[in-house]
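1. Make a model of this:
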Amino acid sequence: MLAAVRSATVFGVEGRPVTVEVHVSTGLPAFQIVGLPDEACRESRDRVRAAVLSSELQWPSCRVTVNLAPSSQRKGGSGLDLAIAVGFLAANGQVPVGQLEGLGFVGELGLDGSMRQVSGVAPMVAAMGEVRPVVPLGNFREAQGVAGDGVRVARTLREVVDALNAEAPWPQPPDEEYVDDEPPPPDLADVRGQALARLGLEVAAAGCHHMLLVGPPGSGKTMLAQRIPGLLPALEPDVSLQATMVHSAAGVRLPAGGLVRRAPFRAPHHSSSMVSLVGGGSTSLRPGEISLSHGGVLFLDELGEFAPTVLDGLRQPLEEGVIRLARARASASLPAKFLLVAATNPCPCGGGAPGVCECDEAARLRYVRRLSGPLLDRFDLRVGVTRPDVDDLLASGGGEPTVVVAARVAAARRLALDRIGMVNANIPPAHLDSLAALHPEARLRLRDQLERDQLTGRGYHRIRRVARTIADLRGGGDLVLDEHVLLALSMRVRLSVSSRERAA
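-> I've put the predicted structure just below:
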């Protein structure tokens, strides 16, 4: 007999529908899986057989052929175990074939017949279309976030078989209310002093401006960066679903509610490879840290310690908001719209200031050259951070808390979205004159910067966008004033090596 079961697999961050065709016939006992399965798929024949027998179901001596259609696409992971087992039982007459209509099956089987949760359920459920997904109990919230209330769950293969045979109802999904199990983001009130850096965080969050923090060790660069996610608004529904797909495909733990609603914060180590940051791989194109920060913040601490080739891999996704991976056998597009925040010391020893720095000119030159000019030019904000004063450290109470600053950020974002439908960092150059019109004094100041070669053409556009965000934070207005431009320029420090300087 022949049975067909609907399922799915994950490629990159996308789910791909798979039809599991199972043919049972007489002949020498064998179990063969075709259709370009990977090693985990091929091993499912042993898991499925043991799970069926452990569930007190029959496994007669027969020839079993499983085809994973379409056969031209590679399949990976153990999520097809349940579909293969149900297909075999239907083809063998132990489950009515008609009961499989309108259902899709995803899950890994244990040797004892238990169903184990798998990674990538969210994109797999989305790929199966208009069917009721059957998933392990541990994947219920994740599947529910995509498919709604039509998800069926089970703990064991036997429960699935009994429900298909109408011998027992489908097990009830967990009914406990959603509990936010994510820890609250760090509070900005913990930061002492650092008035300019705090303003930089607010501007970066309001306009989605990429930011580089430059300062000596102990000045609080990491502490500042960790507080940016608390200033960002909750993810829009479409971005939330995309972020959930990415985290699910990568096997990252999802919140208890099943959907990623808060802006993610990813902080990879400076020894990370290109593949771990950008994504990819030889057999399956998995998302990297860039895609995992989609909708949130990618924080690169000790930027000068990252490999230059890894850093240059950021340039394309920073401009386009997507990563296009191409391999000999496949290609994939991964979402990559994120806020880049980086921190670096001014030199290898971290001293930076004259009389304090212990590095020679060659060491400083090598250190700064690790940061290419095109990458530095993509930071709208380059904020200098100094060690806080003793009075600031010893003062009782902190600055404004996150909730107060976040309210201003949300208001500024609403102004920008109402004006053009996008954040200020994405204003096209052709629309700057209408959306970020300059006051005559502000225009003269920028003209002076350009004539003295302190700004490039790209830097000029970025200063105008940052100034537009500062104006929005201060209540909006049609014109960008000189004070707004002056603040924007003060948050664009120059990285220098001896007598050579890298101007904006």
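2. any idea of the mean pLDDT in the lengthiest strand in the chain?
-> Using DSSP state E to define each element, the chain has its longest strand at strand 14-25. Strand 14-25 shows an average pLDDT of 94 in the prediction.
3. What residues of it count as buried?
-> Glu14, Gly15, Arg16, Pro17, Val18, Thr19, Val20, Glu21, Val22, His23, Val24 (16 or more other C-beta atoms under 10 Å). (Each C-beta comes from the backbone N, C-alpha and C, glycine too.)
4. Looking at those, which is nearest Pro171?
-> Lowest distance from Pro171 to these (C-beta to C-beta) belongs to Val20, with 22.4 Å.
5. ok, Leu259 - contacts?
-> Applying C-beta atoms under 8 Å, 6 or more residues apart in numbering to Leu259 gives the contacts Gly145, Ser240, Leu241, Thr244.
6. now the first one: how far from Ser119?
-> This points to Gly145. The spacing between Gly145 and Ser119, counted by C-beta to C-beta, to the nearest Å, is 15 Å.
7. do the last one as well
-> In this structure, Thr244 and Ser119 are 12 Å apart, going by C-beta to C-beta.
8. my guess is Gly321 meets Leu334, correct?
-> No: using C-beta atoms under 8 Å, Gly321 makes no contact with Leu334, being 10.4 Å away.
9. of the two, who's got more company?
-> Using other C-beta atoms under 10 Å, the more surrounded residue of Gly321 and Leu334 is Leu334, with 26 against 13.
10. Check the nearest residue to Leu318 once chain neighbours are set aside and give its pLDDT.
-> Spatial nearest neighbour of Leu318, excluding adjacent residues (C-beta to C-beta, 6 or more residues apart in numbering): Arg378 at 5.2 Å. pLDDT, Arg378: 87.
11. List the contacts of Arg378.
-> Arg378 sits next to His210, Leu314, Arg315, Leu318, Glu319, Leu340 when contact means C-beta under 8 Å, 6+ apart.
12. any idea which of these is closest to Asp472?
-> Distances from Asp472 to the contacts of Arg378, taken by C-beta to C-beta, are shortest for His210, at 17.6 Å.
13. Just read off the phi/psi values of the residue nearest to the closest one when sequence neighbours are not counted.
-> Once flanking residues are discounted, His210 sits nearest to Leu340: 4.2 Å by C-beta to C-beta, 6+ apart. The phi and psi torsions at Leu340 (degrees, to the nearest 10) take the values phi -90, psi 120.
14. go on, Val153?
-> phi -130, psi 160.
15. any idea how far it is from Leu259?
-> For Val153, the distance to Leu259 (C-beta to C-beta) stands at 17 Å.
16. Per-residue pLDDT of Val246, please?
-> According to the prediction, Val246 has pLDDT 93.
17. Is it in contact with Ile290, as I believe?
-> No: look at Val246 against Ile290 with C-beta under 8 Å: they stay out of range, at 9.9 Å.
18. joint contacts of those two?
-> What both Val246 and Ile290 touch, as defined by C-beta under 8 Å, 6+ apart, is the set Leu334.
19. quick one: which of those two has more around it?
-> A count of neighbours by other C-beta under 10 Å puts Val246 above the other of Val246 and Ile290, at 29 against 26.
20. Please settle this for me: is Leu68 part of a helix?
-> No: counting by DSSP: H, G, I helix; E, B strand; the rest coil, Leu68 is not found in a helix; it is strand.
21. okay, now it: neighbour count?
-> For Leu68, using other C-beta under 10 Å, the count is 23.
22. Surely it is in contact with Ser44?
-> No: using C-beta under 8 Å as the test, Leu68 is too far from Ser44 to be in contact (10.2 Å).
23. Now the common contact residues for these two.
-> Contacts common to Leu68 and Ser44, judged by C-beta under 8 Å, 6+ apart, are Ile33, Pro37, Leu80.
24. So which of the residues you listed wins on neighbours?
-> When neighbours are counted by other C-beta under 10 Å, Leu80 leads the shared contacts of Leu68 and Ser44 with 33 neighbours.
25. how close does the closest residue to it other than its chain neighbours get to Val275?
-> Nearest-residue entry for Leu80: Ser7, 5.5 Å, with adjacent residues in sequence omitted and distances by C-beta to C-beta, 6+ apart. Between Ser7 and Val275 the distance is 28 Å, computed by C-beta to C-beta.
26. Those two - which one has more neighbours?
-> Each of Ser7 and Val275 has its neighbours counted (other C-beta under 10 Å); Ser7 has more, 29 against 16.
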